Structures are given as C-alpha cells and as structure tokens.
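Asks: Here is my input, please return the structure:
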Amino acid sequence: MKIKIGQHLIIGLQGSQLTDRETQFIIKHNIGGIILFDRNIESIKQLCQLCLDIQHLRHKLPSKQPLFISIDMEGGRVARLKSPFTRWPAVAKIGALGSTPLAFKFSKMMADELRSVGVNLNYAPCVDVLTNPKNTVIGDRSLGSDPNLVAQLASALVRGYIKGGVIPCAKHFPGHGGTLIDSHKDLPIEEVDLKELNDVALIPFKKLFKSHLDFIMTAHIKFPKIDPDFPVTLSKIFLQDILRKELRFRSLVITDDLGMGALVKHYDKKEIPILALNAGCDVLLFCNDFEQPEISLEAIYKAIENKQLNEEQIEKSYSQIVNVKKKLLNQPNPLPIDEISKLVGHPDHLRLAKAIYEGEIPK
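Replies: Model (predicted):
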C-alpha cells in the first residue's frame, strides 16, 4: 500500500532542471506527477528536455507509470507559457463572444502546443460562474455570469483539450465565482445553501460530467450552511455525498494546492493530506512548498499504520489514477523539436488569439 501512495501526489519542482534530490524523491516514493510554473520554464528546448527527463523516470518507478506533467494554462493572466508560445486571451473574451466553435478551437490549439512539449494535464477550464462582479480573484478567468452559457462554452473547451491530447481539469468545484477572499491567502466563507449552488454554480459542472471529464479540482472554500466543519477540499459532505452520490461524478478529484493559506492557516500540515484523502480526494497537489510533499507522505504512511485512512478507498483511487494514465498517457514524451517548432506560435493560433483579443469571431 505504501508504495502506491506516491501516485496520489503531484508536486512542484524548484527550477528548470530536475535536481538529484527531486529525482531520488520521485523514484523512491513513486510520485504520480509534476506541476510546472514560470520558474521551471526558460525555452522550448529546455522545457522539452525537462519533460523528457521527468518521463524517463517512469522506467525507474515501482509502478512504471508515466507521470502527469501538469500546468495552469487558462489564458489571460493565468498563463505559464510565454512567447514564442501563443499568448491566449482570458476566457472572459470567449464568454463575451458566446461562440462554442470558437471555444473549441481555442482549447484545441492551446492543447496542440501544450502536448507538443510534453504537458499532458491542464488545470483548465475555469468554470466558475461569476456571481459577484467584485470578485477579482476569478474575474476575467470566468466565462461569465450566465450559468448556462458558462456550461455550454466550458463543455466546448473540454472537448477541445481532449481532441488536442491534453487532459482538462475543470475548476473550482463547486464554484469560486462569489468569493472576495483569495484562497491563496486565507479561507473564503460563502453563506449560500445547496439549493443556491444547484441553481447556479453547479450547472456547468453537471454538464461537464457528461463530457468525459477525467479531472475536477476542488475549491478551498467553506460553505457553513452545507458543511459547518470543513472546507470543500476536506469535506466528505461535498466530495462523497454531493459529488459522488448526488452528481454521480466517477472520475478523478484533485485538490487545489494544499500549501495555500486557506488550509495551512487553519490546519496542521500533517493533518491536511489525511483529511483530504478521507474526504474523497484522489490526487493531492503541492505547488510551492517543497518540504510539504515529504511531510505529507510521512503523515500518510503513519495514518495507514494507525488505520486512520480508508485503505479500500485509496486502493480504488489508485486504480482510477492508473486507468486514466493507461488510457490517456500511452505516448507521454514530447514531440521531436522540429515538429514542436511548427506547432508553437502557429500562424493560425496567433490569428485566432488576435481575433478573440479584438472581440471578433474569425470567419
């Protein structure tokens, strides 16, 4: 059991190359994936080599599974890949145009560029319905304030990512569109009930669950009228009763970064991963605190020994992770560099991005 736990983790790296310590940690603990940030990216060639080095580790892992190589590429201000990659606009621009074919092309072209360099999982689309116009945390990251339009466009975005060979991850369940507090800094508290969520914020998620969606990301938000004790990421009520039983979501649930202020200001770091796994999360995300994955693994190992974790649930979760990898990551390496250069910043991509920036639907 212990050796399977690492597949439940996606971790951040410190720089543009794998360090010996990171390499040893990934192999020893059978780590499931990596998340890339600006600090990890210098050039196309360097990024390809990094992704290649990461995937080569699979041959040394106990599970022999390819790794998720993930990124935040929504467009607009949430974009890790800079020029010569296409600079895509924020999805609010797509929401304003209201075109599902445009949304599909947007994500398909973005996915083509991501997949070419070896990125296989994107934390997008952001399907939060913007219910509070003062919410700058989400703001133009949202497709809009109409839940049905958000649902239609998000569905097209999901299909585009899948067509381009990148796994989409819809976020932030059950909806981050009403918050004012940034969960990177502290825990937002939302005074809405389940009926209100069902009537607005959950509409896009319900539609996406019918679109072969393999991942959703939880929100670090507390809804006291629904679960008075825990934020969504740590909540059995949200993840088991609502998400699994009522909404019948059968695929993978990943946490938002477990190092964010919303959690670490209110819970012990050793307690957080145990609560998240027991609540029903399949994958634990660690972005910027490079000590937290090791602290978490030791806590999880101890919790297994002490029977504090539901081993049957973890086994089922592990099987789902492996099945998704077998289904979708059978060719995980980057393309040859000459093929990449033909896709990154392709003229068709640049034309589409320019048209969206200018508020036009290309003919």
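Asks: can you tell me the helix or strand for residue 170?
Replies: With elements taken from DSSP states H and E, the one containing residue 170 is strand 167-173.
Asks: which strands and helices sit next to that strand?
Replies: strand 121-122, helix 147-163, helix 202-208, strand 215-218 (3 or more CB pairs under 8 Å, 6 or more residues apart in numbering; DSSP states H and E). Where C-beta positions appear, they are placed from N, C-alpha and C, glycine not excepted.
Asks: can I get the ones you listed in a markdown table with distance to residue 55, mean pLDDT and mean neighbour count?
Replies: As requested, the helices and strands packed on strand 167-173 are exported to a markdown table (distance: least, CB to CB, whole Å; pLDDT from 0 to 100; neighbours: other CB atoms under 10 Å):
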| stretch | distance to residue 55 | mean pLDDT | mean neighbour count |
| --- | --- | --- | --- |
| strand 121-122 | 13 | 98 | 26 |
| helix 147-163 | 20 | 98 | 23 |
| helix 202-208 | 28 | 97 | 22 |
| strand 215-218 | 19 | 98 | 23 |
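Asks: As TSV, these with distance to residue 328 would be great.
Replies: Compiled in TSV, the helices and strands packed on strand 167-173 are given as follows (distance: least, CB to CB, whole Å):
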stretch	distance to residue 328
strand 121-122	9
helix 147-163	9
helix 202-208	17
strand 215-218	10
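Asks: Which of the ones you listed sits closest to residue 132?
Replies: With CB to CB as the criterion, residue 132 lies closest to helix 147-163 of these, at 13.8 Å.
Asks: re earlier: can you state the direction angle for the strand holding residue 170 and helix 147-163?
Replies: 150 degrees (axes from the mean of the first three to the mean of the last three CA atoms, to 10 degrees).
Asks: Beyond strand 167-173, next helix or strand please.
Replies: Stepping forward along the backbone from strand 167-173, the first helix or strand reached (DSSP H and E) is helix 194-199.
Asks: how close does residue 305 sit to residue 273?
Replies: When distances are taken as CB to CB, to the nearest Å, residue 305 and residue 273 turn out to be 15 Å apart.
Asks: Which one of these two is surrounded by more residues?
Replies: residue 273 (28 against 11; other CB atoms under 10 Å).
Asks: Have a look at the protein and report the helix or strand with the lowest mean pLDDT.
Replies: Least confident element among the helices and strands of the chain, by mean pLDDT, DSSP states H and E: helix 2-5 (a mean of 88).
Asks: ok, residue 202 touching residue 243?
Replies: No. Taking contact to mean CB atoms under 8 Å, the distance of 9.7 Å between residue 202 and residue 243 leaves them out of contact.
Asks: Report the set of residues contacting both of these two.
Replies: When CB atoms under 8 Å, 6 or more residues apart in numbering defines a contact, no residue borders residue 202 and residue 243 alike.
Asks: Let me see the contact set for the closest residue to residue 165 other than its chain neighbours.
Replies: Computed as CB to CB, 6 or more residues apart in numbering, the closest residue to residue 165 that is not its neighbour in sequence is residue 115, at 4.3 Å. Under the criterion of CB under 8 Å, 6+ apart, the contact list for residue 115 reads 164, 165, 166, 335.
Asks: Per-residue pLDDT of the second one, please?
Replies: What it means is residue 165. As predicted, residue 165 sits at a pLDDT of 97.
Asks: Please report the distance of it from residue 339.
Replies: When distances are taken as CB to CB, residue 165 and residue 339 turn out to be 13 Å apart.
Asks: Which one's more surrounded, those two?
Replies: Neighbour tally, residue 165 and residue 339, criterion other CB under 10 Å: the higher count belongs to residue 165, 17 against 11.
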